[in-house]
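Undergrad: Sequence plus predicted model, see below.
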Amino acid sequence: MSKETAAPNATIDTIIIATARMKELAQFYQDGLQLNPPQSQGDDHLGFPIAGTYLGFDKVKDTEFTYPGAVSLWFRVDDIEATFNRFKQLGAKIKYPPTKKPWGDTLAALYDPDGNLIGLAQR
């Protein structure tokens, strides 16, 4: 059995985004996804539990940071239009608006302030 077919039960457990703007980026996701306030792990980490996955933000020095971000995060949401509009109002740059795909899902994509891709899916 190949590695691709051997792990059908794999799930995302933790996502950590390194950023020079930890508090601002955590606030952006908190507001956009309507999350509870983040948990603090000292002065250099904030994070949120989201449906069995942990989304964290590590503060790095500007010299350790590369723009645009290289992370692509996809979130399943109940109301893609409302979530998309919240992120847009928060200043997210649009890659593409909510679009019905041939397989039935509606997808949208935006960029957070660090240039990481935020994907939204409504099934």
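TA: In hand now; what should we look at? Numbering: from 1, shown residues only.
Undergrad: Do you know the pLDDT at the closest residue to Lys93 other than its chain neighbours?
TA: Nearest non-adjacent residue to Lys93, counting by C-beta to C-beta, 6 or more residues apart in numbering: Tyr111, 4.4 Å away. Yep, even glycine has a C-beta here, placed from its N, CA and C like the rest. Predicted confidence (pLDDT) for Tyr111: 90.
Undergrad: likewise Ala92?
TA: Note for Ala92: predicted pLDDT of 95.
Undergrad: Could you do Ile17 as well?
TA: pLDDT, Ile17: 89.
Undergrad: Can you tell me the number of residues neighbouring Arg123?
TA: The local packing of Arg123 (other C-beta atoms under 10 Å) involves 11 other residues.
Undergrad: Kindly report the same for Ala26.
TA: Residues lying near Ala26 (other C-beta under 10 Å) number 24.
Undergrad: got the phi/psi numbers for it?
TA: Dihedral pair for Ala26: phi -60, psi -40, per degrees, to the nearest 10.
Undergrad: just checking, the residue nearest to Lys93 touches Leu90?
TA: No - Tyr111 is beyond contact range of Leu90, at 11.4 Å (criterion: C-beta atoms under 8 Å).
Undergrad: For Asp112, see how far away the residue nearest to Leu117 when sequence neighbours are not counted is.
TA: Leaving aside its chain neighbours, Leu117 sits nearest to Ser72 (4.2 Å; criterion: C-beta to C-beta, 6+ apart). Using C-beta to C-beta, to the nearest Å, Ser72 is found at 11 Å from Asp112.
Undergrad: between the two, who's got more neighbours?
TA: The neighbour comparison of Ser72 against Asp112 (other C-beta under 10 Å) goes to Asp112, with 25 against 10.
Undergrad: I'd say that one and Phe28 touch.
TA: Yes - judged on C-beta under 8 Å, Asp112 makes contact with Phe28 at a distance of 5.9 Å.
Undergrad: Just the element for the residue nearest the centre of the chain, please.
TA: For the chain, the residue sitting closest to the mean C-alpha position, by C-alpha atoms, centre = their mean, is Leu73 at 4.2 Å. Following DSSP states H and E, one finds Leu73 within strand 72-76.
Undergrad: could you pull out the strands for the protein?
TA: Along the chain, the stretches classed as strands by DSSP state E are 14-19, 39-40, 45-50, 53-59, 72-76, 93-100, 106-111, 117-122.
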